[in-house]
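Asker: Provide a 3D model corresponding to the input given below.
(one chain, ligands or ions: 1)
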Amino acid sequence: MSKLWGGRFEGQTDALVEQLGESVSYDARLAPWDIRGSIAHARMLGDRGIIKKGDAQKIIRGLKAIAKDIEHGKLKWDTALEDVHTNIEVALVKKIGDAGKRLHTGRSRNDQIATDVRLWLRDQVDTILEELVVLQTALVDFAEAHIDVILPGFTHMQHAQPVLFAHHILAYFEMFKRDRERFHQLRDRVNILPLGSAAMAGTPYPIDRKQVAKELGFAGISANSMDAVSDRDYQIEFCAAASMVMMHLSRMSEELILWSSPGFNFVEIGDAFTTGSSIMPQKKNPDVAELVRGKVGRVYGDLSAILTMVKGLPLTYNRDLQEDKEALFDASDTVQLCLAVFANMIPSITVNADSMAAATRQGFMEATDMADYLVTQGMPFREAHGVIGRIVLHCTREGLTLPELDLDLLQGYSPLFKHDIFKVLTPQAIVGRRNNPGGTAPARVKQALKQARKSL
Ligand code: ARG
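Answerer: Here you go, the predicted structure:
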């Protein structure tokens with residue numbers, strides 16, 4: 001096959017090298033962003049008199065026509081032309097003739113790909129930010145709709161203390177809030193124009209980088225041409241933020257899977273988000289939650305792939321850097337799909353408040369509050385802890401729960417127990433007492449819900 005950029009070669013490219021080196025099979029999706037970048041570059045070249053204004057106009061018209069061709073599936077991508085850039089440039093020359101050969105003046109594919117990816121990634125970040133808000137809204141709605149429901153809170157997967165279901169759900173709201181902050185912050189670092197760095201040292205043509213930045217909506221231009229063509233840290237940041245989102249989704253998935261198992265029976269996930277078994281007719285499996293949990297590994301892998309790819313690279317551009325794209329695309333696609341599915345799944349979930357209430361009666365979750373009661377009667381907490389521990393041991397031996405004990409027995413452990421002890425042991429009373437900022441008392445959770453809504 002004929003050689004690309006082959007002036008200085010006498011031989012042909014090996015067929016396997018073409019297979020190894022082509023990127024158009026996956027970077028063709030960058031075409032709309034590549035074309036936007038090229039249009040801004042061509043306009044600037046014309047405005048600055050680096051190429052003729054008429055040629056610039058021809059190039060811009062040609063690129064717009066190619067964008068339409070691509071939209072209608074009319075451009076035949078050719079792996080012999082390596083990448084999205086060369087495919088489009090060759091199509092342009094075919095369409096408008098010699099003027100098309102002037103487009104690549106003062107730029108290189110090195111600053112071009114860096115520009116394309118930043119433009120594309122900025123749009124992905126914006127989509128993810130919107131999706132995070134949609135998911136957060138679903139969580140607030142879900143929490144609000146079950147504001148009276150109490151369930152056991154766990155530590156070490158052991159019954160710890162009763163909490164409002166809404167408080168539990170709002171914990172995830174907070175995680176996704178921090179995820180949004182991360183994407184907002186990294187968006188600023190993505191939104192910098194590398195074009196004008198050319199191959200790596202800059203270009204002698206009297207270009208106007210600020211004009212190009214303005215047309216493409218970049219907030220600024222890169223300060224160092226060598227950094228601009230070779231850094232990929234903004235992609236690593238993106239994959240790290242995406243990994244964090246996936247990790248949060250996965251934790252919530254894990255809980256939904258547990259909660260929907262018969263042992264818990266706390267929730268039922270809607271039919272649209274569960275699947276049947278090919279052999280066991282009774283099954284309703286939480287496959288969506290499991291798939292989201294499973295997909296975390298891919299995104300961690302994408303992060304690891306790009307981190308590792310960059311670590312040994314000398315300045316500036318090295319072809320290794322082409323290997324960033326499949327990982328980056330995969331991380332972005334995966335997190336977007338999982339966020340969308342999750343936001344749709346949340347409203348499909350039915351909450352089984354009775355099972356949760358029944359579970360709060362197990363596991364001696366009143367124990368901390370019983371100790372606190374003795375503290376209010378003047379006993380030091382450490383001592384109270386020991387007293388209640390012995391009472392719990394008694395209960396486990398006799399098969400009793402704490403609220404089932406009678407006052408005489410309690411007074412045998414401590415004379416400080418009075419009649420009012422039983423009032424403090426209901427789940428409602430226990431939850432209601434945790435009324436400091438960040439606590440699970442209904443008044444606090446209602447405040448938190450208001451705050452959450454406001455932040456959306
Ligand atoms: N396809 C290449 C990439 O993704 C574009 C830049 C190629 N530059 C080069 N000098 N071969 O990195």
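Asker: name the element Leu151 belongs to?
Answerer: Under the criterion of DSSP states H and E, Leu151 resides in strand 150-155.
Asker: now for that strand, which elements pack on it?
Answerer: The helices and strands touching strand 150-155, judged by 3 or more Cβ pairs under 8 Å, 6 or more residues apart in numbering; DSSP states H and E, are strand 158-164, helix 165-190, helix 353-360, helix 427-433. Any C-beta I mention is one placed from the backbone N, CA and C, and that applies to glycine too.
Asker: repeat that for 10 Å
Answerer: Helices and strands touching strand 150-155, by 3 or more Cβ pairs under 10 Å, 6 or more residues apart in numbering; DSSP states H and E, are strand 158-164, helix 165-190, helix 233-259, helix 353-360, helix 427-433.
Asker: up against the ligand, what does the stretch 301-450 of the chain have?
Answerer: Tyr317, Arg319, Leu321, Gln322 (Cβ under 6 Å from any ligand atom).
Asker: buried only: go through those residues for me.
Answerer: Tyr317, Leu321, Gln322 (16 or more other Cβ atoms under 10 Å).
Asker: do you know the pLDDT at the second one?
Answerer: If I follow you right, that is Leu321. On pLDDT, Leu321 comes in at 98.
Asker: helix/strand/coil for it?
Answerer: helix (DSSP: H, G, I helix; E, B strand; the rest coil).
Asker: I figured it hits Leu313, correct?
Answerer: Yes. Leu321 sits in contact with Leu313 when judged by Cβ atoms under 10 Å, with a separation of 7.3 Å.
Asker: shared neighbours, those two?
Answerer: Shared contacts of Leu321 and Leu313 (Cβ atoms under 10 Å, 6 or more residues apart in numbering): Ser230, Asp231, Arg232.
Asker: OK, contacts around the last one?
Answerer: Taking Cβ under 10 Å, 6+ apart as the criterion, Arg232 is in contact with 114, 117, 238-239, 306-307, 309-310, 313, 320-321, 323-324, 328.
Asker: try Leu186
Answerer: Leu186 touches Leu121, Val125, Asp233, Tyr234, Gln235, Ile236, Glu237, Phe238, Ala240, Ala241, counting by Cβ under 10 Å, 6+ apart.
Asker: what's the answer for Ile96, then?
Answerer: Neighbouring residues of Ile96 by Cβ under 10 Å, 6+ apart: Asp55, Lys58, Ile59, Ile60, Arg61, Gly62, Leu63, Ala65, Ile66, Leu103.
Asker: got JSON lines for the helices and strands packed on strand 150-155, with distance to Leu92 and mean pLDDT too?
Answerer: Below are the helices and strands packed on strand 150-155 laid out as JSON lines (distance: least, Cβ to Cβ, whole Å; pLDDT from 0 to 100):
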{"stretch": "strand 158-164", "distance to Leu92": "61", "mean pLDDT": "96"}
{"stretch": "helix 165-190", "distance to Leu92": "27", "mean pLDDT": "98"}
{"stretch": "helix 233-259", "distance to Leu92": "28", "mean pLDDT": "98"}
{"stretch": "helix 353-360", "distance to Leu92": "63", "mean pLDDT": "97"}
{"stretch": "helix 427-433", "distance to Leu92": "67", "mean pLDDT": "96"}
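Asker: turn the ones you listed into CSV, columns for distance to Leu449.
Answerer: Converted to CSV, these look like this (distance: least, Cβ to Cβ, whole Å):
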stretch, distance to Leu449
strand 158-164, 10
helix 165-190, 7
helix 233-259, 18
helix 353-360, 18
helix 427-433, 15
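Asker: how about the strands in the stretch 301-450 of the chain?
Answerer: Remark: strands assigned in the stretch 301-450 of the chain by DSSP state E, counting those that start in this stretch are 350-351.
Asker: residue of it with the smallest distance to the ligand?
Answerer: Nearest to the ligand in the stretch 301-450 of the chain, going by Cβ to the nearest ligand atom, is Gln322, at a distance of 3.7 Å.
Asker: coming back round to it: which of the residues of the stretch 301-450 of the chain next to the ligand lies closest to Phe422?
Answerer: Leu321 (68.9 Å; Cβ to Cβ).
Asker: find the nearest non-adjacent residue to the closest one, please.
Answerer: Spatial nearest neighbour of Leu321, excluding adjacent residues (Cβ to Cβ, 6 or more residues apart in numbering): Arg232 at 6.5 Å.
Asker: where in this protein is pLDDT low?
Answerer: The model of the chain has pLDDT under 70 over residues 1-2.
Asker: which helix runs longest in this structure?
Answerer: Assignment by DSSP state H gives helix 109-145 as the longest helix of the chain.
Asker: ok, that helix near the ligand or not?
Answerer: Yes. Using Cβ under 6 Å from any ligand atom, we find that helix 109-145 touches the ligand at Arg109, Asn110, Ile113.
Asker: among those, which one has the most neighbours?
Answerer: Ile113 (25 neighbours; other Cβ atoms under 10 Å).
Asker: ok, that one to Val229 distance?
Answerer: Separation of Ile113 from Val229 (Cβ to Cβ, to the nearest Å): 9 Å.
Asker: try Leu291
Answerer: 38 Å.
Asker: neighbour count winner among these two?
Answerer: Taking other Cβ under 10 Å, Leu291 and Val229 do not tie; Val229 has more neighbours (25 against 14).
Asker: for the residue nearest to that one when sequence neighbours are not counted, which residues are in contact?
Answerer: Excluding its sequence neighbours, the residue lying closest to Val229 (Cβ to Cβ, 6+ apart) is Asn110, at 4.2 Å. Asn110 makes contact with 194, 197-200, 225, 228-230, 316-318, 321, according to Cβ under 10 Å, 6+ apart.
Asker: closest to Lys214 among these?
Answerer: Comparing those against Lys214 with Cβ to Cβ places Pro194 closest, at 15.1 Å.
Asker: how far off centre is stretch 153-161?
Answerer: For stretch 153-161, the separation from the chain centroid amounts to 27 Å (computed by Cα atoms, centre = their mean, to the nearest Å).
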